[in-house]
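S.K.: coordinates for the following, if possible.
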Amino acid sequence: MSTALTPGARDALAAWCSHLRAIDGRAALTVAAYAADVTAWLDFLARHQGGAGGIAALVAVPQADMRAFMAAERARGLSPRSLARRLSAIKGFTGWLADRQGADATATLATRAPRYRRSLPRPLSVDGARDMLEAVGDDAAQPWVAARDTAVLTLLYGLGLRISEALGLTGADHPLPSVLRVTGKGGKVRLVPVLPEAAQAVAAYADLCPFDLTADGPLFRGTRGGALNPRLIALAMERARHRLGLPASATPHALRHSFATHLLSAGGDLRSIQALLGHASLSTTQGYTAVDAARLIEVYDRAHPRA
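M.R.: The predicted structure follows:
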């Protein structure tokens, strides 16, 4: 943490981070990113105002100082998207601090974030996803490695898991049950139905795996027996997409996007998909689901009473 912070500011930031972890259930990496954002803000204030102010001054920052901070960050090359995230963290910290102090933080909380174009996920087509699952193990050095890579990708596309969730499974999860208990971001647990194809793919890998898949050890192993590095799955997909002629956007995370998009296209409802993906916000799920205009018109024509 920065040496420019006063002890009071340092303690307040540490308390806020503890609140995010314990009360809001935020993941450790998320909390660390927020702490870095707020630290950058507090460092700027100490320089801009000619010294580190007290706690009360942190709440009553004028909008002119907020604008100066945003201009300085843009001049440093920070993208609008990153600046918007940084401002969100600053507002969160300031609002929390204002509540504790019984103070008015309107100036900070009313500051508008810069606009940026949100990049939409690019899912694979149904055929592209199927081809990827079939081809990912083609150049594996050993049959068990081919089965392993296929099983991991099947979990991403068939169950909508994050790569960290798939690689977080242990030997106790094999054989896969009909409904899998998944621990996602922030330690949140959700239940996900398991397709027979996914259970079969994991079983095929487990039968070939040369290592003892103990209940408390990782289910997916590297060639030396340790936990599988997610980068190896990304590299296997990269080689496969080159052979298949798929775009660079065909990544492990794109399979999770594809899971959501293909479910919605087949008639799944957004709320159910939100639960399957483990999203806290429906707006996040909407960003994962690329629905074309023809699909929307079809739903409208079928469902609207005046259509």
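
S.K.: quick one, grab the pLDDT at the closest residue to V189 other than its chain neighbours.
M.R.: Nearest non-adjacent residue to V189, counting by CB to CB, 6 or more residues apart in numbering: T183, 5.4 Å away. Yep, even glycine has a C-beta here, placed from its N, CA and C like the rest. T183 is assigned 87 on the pLDDT scale.

S.K.: I'd say T183 and A166 touch.
M.R.: No: T183 is not in contact with A166 according to CB atoms under 8 Å; the separation is 11.6 Å.

S.K.: more neighbours, those two?
M.R.: The residue with more neighbours, out of T183 and A166, is A166; 24 against 14, by other CB atoms under 10 Å.

S.K.: give me phi/psi at that one?
M.R.: phi -60, psi -40 (degrees, to the nearest 10).

S.K.: how near is the residue lying closest to it once chain neighbours are set aside to A260?
M.R.: Using CB to CB, 6+ apart and skipping the chain neighbours, the partner closest in space to A166 is L155 (4.4 Å). Between L155 and A260 the computed distance is 14 Å (CB to CB, to the nearest Å).

S.K.: more crowded one of these two?
M.R.: Neighbour count, other CB under 10 Å: between L155 and A260, L155 has more, with 31 against 25.

S.K.: just checking, what packs against the helix or strand that contains the more buried one?
M.R.: In the assignment (DSSP states H and E), L155 maps to helix 143-159. Helix 143-159 sits against helix 126-135, helix 163-167, helix 196-208, helix 230-244, helix 252-265, with contacts defined as 3 or more CB pairs under 8 Å, 6 or more residues apart in numbering; DSSP states H and E.

S.K.: what about the closest residue to R243 other than its chain neighbours, how many residues nearby?
M.R.: Spatial nearest neighbour of R243, chain neighbours left out: A135 (6.2 Å); criterion: CB to CB, 6+ apart. A135 has 18 neighbouring residues, counting by other CB under 10 Å.

S.K.: residues in contact with the residue lying closest to P177 once chain neighbours are set aside?
M.R.: Counting by CB to CB, 6+ apart, V194 is the residue found nearest to P177 once chain neighbours are left out, at 6.5 Å. Contact analysis of V194 by CB atoms under 8 Å, 6 or more residues apart in numbering lists L159, L176, P177, S178, V179, L180.

S.K.: how close does V194 get to Y34?
M.R.: Counting by CB to CB, the gap from V194 to Y34 is 34 Å.
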